[in-house]
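S.K.: The following block contains a protein sequence and its predicted model.
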Protein chains: 4
Amino acid sequence: MIERYSRKQLTDIWSEQNKYQIWLDVEVAAAEAMEKLGQIPKGVASVVRKKAKINVKRIHQIESKVKHDVIAFLTSITEKAGIKARYLHQGMTSSDVLDTSLNIQLVQSGKILLSDIDQILKVLKKQAKKYKYTPCMGRSHGIHAEPITFGLKLASFYEEFKRNRKRLVDAIDEISTCAISGAVGTFANINPNVEKHVAKKLGLKVEPISTQVIPRDRHAFYFSILGIIAGSVERVAVEIRHLQRTEVYEVQEFFSKDQKGSSAMPHKKNPILSENLTGLARMVRSAVIPALENIALWHERDISHSSVERNIGPDANITLDFALARLSNILDKMIVYPKKMIENLNITKGLIFSQEVMLELTKSGLSREQSYKMVQNYAKKCFAENLNLFDVISDDKFIMAKISSKRLRAIFNYSSHFKNVDLIFRRVFK
Amino acid sequence: MIERYSRKQLTDIWSEQNKYQIWLDVEVAAAEAMEKLGQIPKGVASVVRKKAKINVKRIHQIESKVKHDVIAFLTSITEKAGIKARYLHQGMTSSDVLDTSLNIQLVQSGKILLSDIDQILKVLKKQAKKYKYTPCMGRSHGIHAEPITFGLKLASFYEEFKRNRKRLVDAIDEISTCAISGAVGTFANINPNVEKHVAKKLGLKVEPISTQVIPRDRHAFYFSILGIIAGSVERVAVEIRHLQRTEVYEVQEFFSKDQKGSSAMPHKKNPILSENLTGLARMVRSAVIPALENIALWHERDISHSSVERNIGPDANITLDFALARLSNILDKMIVYPKKMIENLNITKGLIFSQEVMLELTKSGLSREQSYKMVQNYAKKCFAENLNLFDVISDDKFIMAKISSKRLRAIFNYSSHFKNVDLIFRRVFK
Amino acid sequence: MIERYSRKQLTDIWSEQNKYQIWLDVEVAAAEAMEKLGQIPKGVASVVRKKAKINVKRIHQIESKVKHDVIAFLTSITEKAGIKARYLHQGMTSSDVLDTSLNIQLVQSGKILLSDIDQILKVLKKQAKKYKYTPCMGRSHGIHAEPITFGLKLASFYEEFKRNRKRLVDAIDEISTCAISGAVGTFANINPNVEKHVAKKLGLKVEPISTQVIPRDRHAFYFSILGIIAGSVERVAVEIRHLQRTEVYEVQEFFSKDQKGSSAMPHKKNPILSENLTGLARMVRSAVIPALENIALWHERDISHSSVERNIGPDANITLDFALARLSNILDKMIVYPKKMIENLNITKGLIFSQEVMLELTKSGLSREQSYKMVQNYAKKCFAENLNLFDVISDDKFIMAKISSKRLRAIFNYSSHFKNVDLIFRRVFK
Amino acid sequence: MIERYSRKQLTDIWSEQNKYQIWLDVEVAAAEAMEKLGQIPKGVASVVRKKAKINVKRIHQIESKVKHDVIAFLTSITEKAGIKARYLHQGMTSSDVLDTSLNIQLVQSGKILLSDIDQILKVLKKQAKKYKYTPCMGRSHGIHAEPITFGLKLASFYEEFKRNRKRLVDAIDEISTCAISGAVGTFANINPNVEKHVAKKLGLKVEPISTQVIPRDRHAFYFSILGIIAGSVERVAVEIRHLQRTEVYEVQEFFSKDQKGSSAMPHKKNPILSENLTGLARMVRSAVIPALENIALWHERDISHSSVERNIGPDANITLDFALARLSNILDKMIVYPKKMIENLNITKGLIFSQEVMLELTKSGLSREQSYKMVQNYAKKCFAENLNLFDVISDDKFIMAKISSKRLRAIFNYSSHFKNVDLIFRRVFK
């Protein structure tokens, strides 16, 4: 969690203040239920809710002595809320509070990440539609393949983030559980209705079976999804970095007026935001393995997961939120050079149409093998001698006897590649 | 993929034979569609389906020359099926075949993993019910906490595998797509209806937008889920290893008659199957990061993912299948020692009931702090002097003035801890 | 970087204050060299050294405008040190400063980690010698094997940390380089003697060839070593957690007077420090993959590594320092129960001596197979009927005809297992 | 371990045949020592060496019954070598054989990897010298920075592989240990001189203290180094992929005559070997975390590491060997286009010399800030209006009053950037 890569919304969620506030919400909700059940005197919940104020400093002070965070928290609450507060937490165990609260922090974070993705989807949709028919080189292996449109590239990202959205919704759902089940999950000293009440009150589902802790496969799922989303961020970032290369220069990150590109080289405009996202993706991804390692806790629980979650809880969420926000911004403000896209399309002087020539020859009755060899030879010749494939083919009488010159011209026109763009857009932006 | 850790069902799916067979299925289905569309002569699909036989050796032979697997495959098919086969693959690109086929292999694998999980669920349910009320120590931090039942432990695993089942269903769904969209996903030379037909024929959905390849976030999701399931396997395996420790010895892996435990120590019965699962879990987990790194392919695709998938495709699936099958077997045949569980419950001479004593004191009007201190002091004394907490408490007149001796006896009886076992079981095995 | 898991020494190293101070040291040392070479006026270095004060807040203020940290830093220095400061950084590129400085921070951190390891070695040596001949069960697979001494366990950890010490020395050495080679590492605008001078001045070696940046395989090595050391921390931590289990209870973490073990269960003493180390080990380990992913920067450099290093630089070092310090402390203050170790040695009623009986039988002329079977059968019988192996063997006339009863008594005495303890100690603590 | 990515030398090392052969070597060497010590009859070692033949099939047959690999192996040896073989393995434990043997396999593999690196070094040196002064664009952030030479690029890789060579030598050294210390490492039933003899005989060092197993931090170090080397392979591979991009096209992988680039696009020449290496690097890297997780074995050992090592032992070594060999081959045969390098150098029409203009202005008395702004403005203008920086600067009277036109011409000449190439080469190829 680096300030430089953090946004307030998220750091607030992971602040001590918010954590203890959620603890208080859980304890008060539990007290309400216990009151209803007649297990503690009436009025505890309302008194505590009214009087208790989170004092992070005081809690830390007490904790440094008792070395137990929940006890420190409860002591601090009692100091503020008075004697009635001693009825809080009865029959509960620390994890009842900690785990339910952690889930709430994850749900709070997840919802913001969801709105980040929505923002990305909005920007991608806008840009995809804007550049729907802007011709652009399609590349495989880094090598020119066949024409696409820049809009298609963006539509592909859009669809990927739609999938990420669904996955994140599932991950939030997985983590939306509440466990108030006591020391080893048997409800030995706590009525299961307390759990039910707290869950309902806090917008969670009841954890069907807990063992003191909420099982960590749920958290592993959540962090795995963050890792996948980070992978998608990286994919888009790498694309922009490629497109901004000096030799390609089809797209450029927005560059603010006062910004300096390089302390040494005044002319440089580097895709630093996208490079930064590439690194941040590595960081979010690095949370996945520890989260998976956390699943196999010993017996009814050990506490090895805790120090992991104190790190990756804030770090992975804050970093991904920052990355998603930065990505929307990049995509929203990027400068696109359609003219350069066209220039690049022409770099190989028609070689990118070779497949269609080959297919046309096959249709005319040549074997696939023959056609392939014939076209590959011409392709090599063009490349070696810097010729235009159209001209070379036009001069080949054997071929021209099989393909009409009208058809040949049609082949060497990339707009014919875009006949299904609309169909694809309809699939994506339905 | 180690033979020792492989089962035939899965290795068959990942055999060259099956891979090429699926390629053939894809090509033939595509040819059917092209015939319907009048793009290739009638009869291609049926001739190829009838005459083509997969000859792995021959394909490899050709590939060693042309260095392109799909071309080698097509050439080999043409050798068998004759001239009509040259109409196969028209307008398609290798990835159309490779990616759709890889997804089919993943779906085939996923379905077997699903049945493995079903088997685990079946065994866990049987065992959980059998041991529903078998008292067993609940442990947190490896330290005795409060009593649970052995059935609860198993029910907790059951619920976790239910979650894993759902996740795997989602992962199979994610990966059930078909892309036949040509060199850069534009359908420039192939009718989108071909894709539609192939998808339907092979039980897949149409990939809404592909870029030559099916986007790798789908695969990342699939392998992430395998990693999570492996984490759950590890959790159960670690539990069994703990319970089989000499000092604990509550559970033991089945030990076949001729099996030797140790070349040096004839008395030893080691939980080697569960230890093995712990290692295998590490292996399955290790596939997750490469799968995430595969997402950010360059532009419309690069081929860096391929060597990764040639490894983790078979390895992670085969290893997890083996691990799941081994786990069912362990759980099914494990030897449980309820008598030892009771002995262990009594090791701390009643200390495990200390919480309830404390709660009872709190109810009687003492502050939580006072009660805690009082009981903790007695706990320390019992531990230090090897006394029974019940006896010590009974001798304390102050306490006995607050807790009736009948109530005290009730507290020191673990069956009172099991009053909600049935409720939990109903939640889990509804 | 969680405050709770941080020590001041390390957070100071990674503070903004220290970072900029190192930048200043690098710039001033470079200026000295340039002065000597007559490239800039005399007195720049001394003026800047005298007048420049790091003002973190001001630097951030400027950076928020110019969006370039080195330029912001230089501007701030110029504000303080006056016009002569404009001669700083001539011909240098940001990375000259950033990379050399990062290496210095890593070296500073590494040296503290080294002293942490020295402290662990010191404690381990003390404790190993103290418990050199304290009998203790040796366990494989969690199952009792043959006797060892508790000192041997600690000696094994000692040797492992000796290896870690050597690795860390190598890692510090790897990272002790300085690069002042300009925009693409060609010294186009900077004299190579500047680099030489700065390296010497700051206790570094010259990076033989840099590309603007210091190659990231060096950093990957450093963080990999941190990952290995974390693995060793985990190994010791897991051992302590095992030994503190209620059923084993041979060792216990120190428990401060005011500390509370569990909010619900007053009797519990949990190995929470060691559990915490297990989790922290996962975190340090999680830095390894991002560090490895950082190696493959694009061309002469891209900046994707930067956000990774801003995280793992402080996080992995601070966390490991904290973990090592905590580990020394645990090992130093742990409570050892030699009596319980003896009790545990006797749990299996002599089964742990079965190997020697078997070997003795083999020596007497029986085949290994026969001996194994015979002893294994008795072992099974003893276990099943809770008998003592010594008694059972003593009753077998066939065996007693082959082993004298004096020899048998010698076999069932674990002190005979310790004859080579001194030899091993001499190997380790030479 | 995919056949397609394997070389015989390495698969032979990891064959069952070789494994059992090494086991035999260890057992026989141990028997020799025991004979010398008078613990077993003379002649055992020589008889076994003469008569024993490894019969993998038979061993597997026995193992399927006894479920213990070392016992199966010993039984099979006894079948061949007769009754004297029963003296083998006395006082030893399986791990004595397994662990020492695994280390030998790792050493054997490591030595081949070392020769692979030597081959890469040889090729890189040759190519670096060949292209020592071939001008080439230096790029940071993917953006043109300042000129370098292609030889410098290669020299940088050379230096990195020199570091990798040293690391690998250290890793082999770490793993070159032998442990023959019995069931829990106490030499209870085996004379330490046996270990000493076996170590010497097999070219290993004595493991100072083992616990039944050789500590896994050694293996973790070995596999971490493989991960780092894989990172370097990836760095070079990514470079080649970038340089082969259609828009850059400065370097091309060798393309064999019969090879087909794309089933759909006959003109394409894709850097598939380098892309493949990128994926293989991910695979080797994925072995690092499991190796680190293996360190924390329980007590004197558990066997969870075994299934991991059965996988990563062969897989990581075989894959890295293949990758290194492929990399040498790519580097050896790559086609370099110096003419295209020059063309690319000129793409930005002199902007890459902007830094020097700025420095020259600073030397003339302008502040760094002023110079930067002035040059940046011209850089923007040139880029926007497609002008040549030299021309634009030449027209600025203010600047030309500060820089002589001779000096300006010198600045706009990249050969001036190469004055220190020889110095760097002397550092690298000393």
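M.R.: Arrived safely, thanks for sending. Values in this document were obtained by computation on a predicted structure and should not be read as measured data.
S.K.: so which residue of the stretch 51-200 of chain A comes closest to chain D?
M.R.: residue A:141 (3.6 Å; C-beta to the nearest C-beta). (C-beta placed from N, C-alpha, C; glycine too.)
S.K.: if I pick that residue, what's in contact with it?
M.R.: B:298, B:301, B:302, B:303, D:241, D:268, D:270, D:271, D:272, D:275 (C-beta atoms under 8 Å, 6 or more residues apart in numbering or on different chains).
S.K.: how does it look with 6 Å?
M.R.: B:302, D:270 (C-beta atoms under 6 Å, 6 or more residues apart in numbering or on different chains).
S.K.: Distance-wise, check it relative to chain C.
M.R.: 16 Å (C-beta to the nearest C-beta, to the nearest Å).
S.K.: Would you mind listing where the stretch 1-150 of chain A has pLDDT under the threshold?
M.R.: Across the stretch 1-150 of chain A, the ranges flagged by pLDDT under 70 are A:1.
S.K.: what residues does it put near chain B?
M.R.: A:86, A:138, A:139, A:140, A:141, A:142, A:145, A:146, A:148 (C-beta under 6 Å from any C-beta of the partner chain).
S.K.: can you give me the helices in the stretch 201-350 of chain A?
M.R.: Ranges of helices within the stretch 201-350 of chain A are A:217-244, A:272-285, A:288-293, A:304-333, A:338-345, based on DSSP state H, counting those that start in this stretch.
S.K.: Kindly report the same for the stretch 51-200 of chain A.
M.R.: Under DSSP H, counting those that start in this stretch, the stretch 51-200 of chain A gives helices at A:56-66, A:69-81, A:94-130, A:150-175, A:192-201.
S.K.: could you dump the ones you listed to TSV with distance to residue D:383?
M.R.: Shown next, in TSV, are the helices of the stretch 51-200 of chain A (distance: least, C-beta to C-beta, whole Å):
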stretch	distance to residue D:383
helix A:56-66	52
helix A:69-81	57
helix A:94-130	23
helix A:150-175	21
helix A:192-201	60
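S.K.: Any chance of a markdown table for the ones you listed, columns distance to chain C and mean neighbour count?
M.R.: Below are the helices of the stretch 51-200 of chain A laid out as a markdown table (distance: least, C-beta to the nearest C-beta, whole Å; neighbours: other C-beta atoms under 10 Å in any protein chain shown):
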| stretch | distance to chain C | mean neighbour count |
| --- | --- | --- |
| helix A:56-66 | 5 | 15 |
| helix A:69-81 | 5 | 21 |
| helix A:94-130 | 5 | 21 |
| helix A:150-175 | 19 | 22 |
| helix A:192-201 | 14 | 20 |
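S.K.: Which among those helices is found nearest to residue B:108?
M.R.: Proximity to residue B:108 (C-beta to C-beta) singles out helix A:150-175 among these, at 22.0 Å.
S.K.: Report the inter-axis angle for that closest one versus helix A:94-130.
M.R.: For helix A:150-175 against helix A:94-130, the angle by axes from the mean of the first three to the mean of the last three C-alpha atoms, to 10 degrees is 160 degrees.
S.K.: relative to helix A:304-333, how tilted is helix A:150-175?
M.R.: 150 degrees.
S.K.: Can you name the residue of the stretch 1-150 of chain A nearest chain B?
M.R.: Minimum separation of the stretch 1-150 of chain A from chain B (C-beta to the nearest C-beta) falls at residue A:138, amounting to 3.3 Å.
S.K.: what about that residue, how many neighbours?
M.R.: 28 (other C-beta atoms under 10 Å in any protein chain shown).
S.K.: cool, and residue A:333?
M.R.: Look at residue A:333: counted by other C-beta under 10 Å, it has 14 neighbours.
S.K.: If we go by neighbour counts, what in stretch A:325-345 is buried?
M.R.: A:325-331, A:334, A:336-337, A:340-342, A:344-345 (16 or more other C-beta atoms under 10 Å in any protein chain shown).
S.K.: would you turn the helices of the stretch 201-350 of chain A into TSV with distance to chain B and mean pLDDT?
M.R.: TSV is the format used below for the helices of the stretch 201-350 of chain A (distance: least, C-beta to the nearest C-beta, whole Å; pLDDT from 0 to 100):
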stretch	distance to chain B	mean pLDDT
helix A:217-244	3	98
helix A:272-285	5	98
helix A:288-293	5	98
helix A:304-333	10	98
helix A:338-345	12	95
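S.K.: will you turn those into TSV that also has distance to chain D?
M.R.: What follows is those, written out as TSV (distance: least, C-beta to the nearest C-beta, whole Å):
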stretch	distance to chain D
helix A:217-244	6
helix A:272-285	6
helix A:288-293	6
helix A:304-333	11
helix A:338-345	6
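S.K.: looking at these, which is closest to residue C:208?
M.R.: Ranked by C-beta to C-beta, the member of the helices of the stretch 201-350 of chain A that lies closest to residue C:208 is helix A:272-285, at 26.0 Å.
S.K.: What helices and strands are in contact with the closest one?
M.R.: Helices and strands touching helix A:272-285, by 3 or more C-beta pairs under 6 Å, 6 or more residues apart in numbering or on different chains; DSSP states H and E, are helix A:217-244, helix A:304-333, helix C:304-333.
S.K.: switch to 10 Å and redo it
M.R.: Judged by 3 or more C-beta pairs under 10 Å, 6 or more residues apart in numbering or on different chains; DSSP states H and E, helix A:272-285 is in contact with helix A:217-244, helix A:304-333, helix B:288-293, helix C:288-293, helix C:304-333.
S.K.: Indicate which one of these is closest to residue A:429.
M.R.: Among the helices and strands packed on helix A:272-285, helix A:304-333 sits nearest to residue A:429 (C-beta to C-beta), with 15.7 Å.
S.K.: Checking that closest one against chain C, do any of its residues make contact.
M.R.: Yes - counting by C-beta under 10 Å from any C-beta of the partner chain, chain C has neighbours in helix A:304-333: A:304-312, A:314-315, A:319, A:322-323.
S.K.: That helix: how far from the chain's middle?
M.R.: Centroid separation between helix A:304-333 and its chain, computed with C-alpha atoms, centre = their mean, to the nearest Å, is 9 Å.
S.K.: Would you mark the buried spots in that helix?
M.R.: A:304-331.
S.K.: Who are the contact partners of the residue nearest the centre of chain A?
M.R.: Residue closest to the mean C-alpha point of chain A, counted by C-alpha atoms, centre = their mean, is residue A:229 at 2.8 Å. Contacts for residue A:229 (C-beta atoms under 10 Å, 6 or more residues apart in numbering or on different chains) come out as A:113, A:116-117, A:120, A:160-161, A:163-165, A:167-168, A:171, A:281, A:284-285, A:320, A:323-324, B:217, B:295.
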